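With the sequence up front, the predicted model follows.
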Amino acid sequence: MTNILLPVDGSDNALRAVRDLIAKRDWFHTPVELHLLNVQLPIVSGLVKSFISASQLESYYRDQGVAALAPARSVLDQAGMSYQHHIGVGGLAETILDYAREKQSGLIIMGTHGRGAVGNVLLGSVASRVLHEAQVPVLLVS
């Protein structure tokens, strides 16, 4: 079984990575176990946290994550490709790398730029960090 982690943020670039995987699924000689991941940045302001409960915050992360995952899930459903979806909260690159280790991914497929990525001109800062720190191959789709 080929275990793939595919981080998505709802951006067009992330959706291109999903479509690229679908187009290349015949490359894999074993069935694909696909993990879609959306990472929500934590709300760290103590002031904000004093006005909302932990359950409200959890609900917010879940709602935002589900919305960001929806386009990718729709494309995968139409292609008949099975997957599991996850919503993480934390630093973007750190959470992606943690999930790759936790899920024992053999490959990470991701877009080169996501929503609001301001990093390098040719490669977003999150993609760049994942590429340099991942312990498994990373396929970047632009």
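The structure has been received and is ready for your questions.

What ranges does this protein have for its strands?
2-7, 32-40, 84-89, 107-111, 138-141 (DSSP state E).

possible to save those as CSV with mean pLDDT, distance to residue 57 and mean neighbour count?
C-beta here means a position set from N, CA and C on the backbone, and glycine is covered the same way. Output for the strands of the chain, formatted as CSV (pLDDT from 0 to 100; distance: least, Cβ to Cβ, whole Å; neighbours: other Cβ atoms under 10 Å):
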stretch, mean pLDDT, distance to residue 57, mean neighbour count
strand 2-7, 97, 21, 23
strand 32-40, 98, 10, 21
strand 84-89, 98, 9, 17
strand 107-111, 97, 26, 24
strand 138-141, 96, 31, 18
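
can I get those strands in CSV with distance to residue 52?
Output for the strands of the chain, formatted as CSV (distance: least, Cβ to Cβ, whole Å):
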stretch, distance to residue 52
strand 2-7, 26
strand 32-40, 14
strand 84-89, 14
strand 107-111, 31
strand 138-141, 36
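
Nearest to residue 128, out of those strands?
Taking Cβ to Cβ, strand 138-141 is the member of those nearest to residue 128, at 9.3 Å.

C-alpha coordinates for that closest one, PDB please?
The C-alpha coordinates for strand 138-141 follow below in PDB (Å, rounded to 0.1, in the frame of the first residue of the first chain):
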ATOM      1  CA  VAL A 138       7.900  15.300  -1.600                       C
ATOM      2  CA  LEU A 139       6.100  15.900  -5.000                       C
ATOM      3  CA  LEU A 140       5.400  19.600  -5.600                       C
ATOM      4  CA  VAL A 141       2.700  20.600  -8.000                       C
END
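
And that strand, how far out from the chain middle?
Here the centre of strand 138-141 is set off from its chain's centre by 12 Å, with Cα atoms, centre = their mean, to the nearest Å.

any weak-confidence spans in the protein?
Scanning the chain for pLDDT under 70 picks out 46, 49, 114-123.

Please enumerate the helices of it.
Remark: helices assigned in the chain by DSSP state H are 12-24, 46-49, 54-79, 92-102, 125-133.

out of the ones you listed, which comes closest to residue 37?
Closest among the helices of the chain, once you apply Cβ to Cβ, is helix 92-102, at 5.3 Å.
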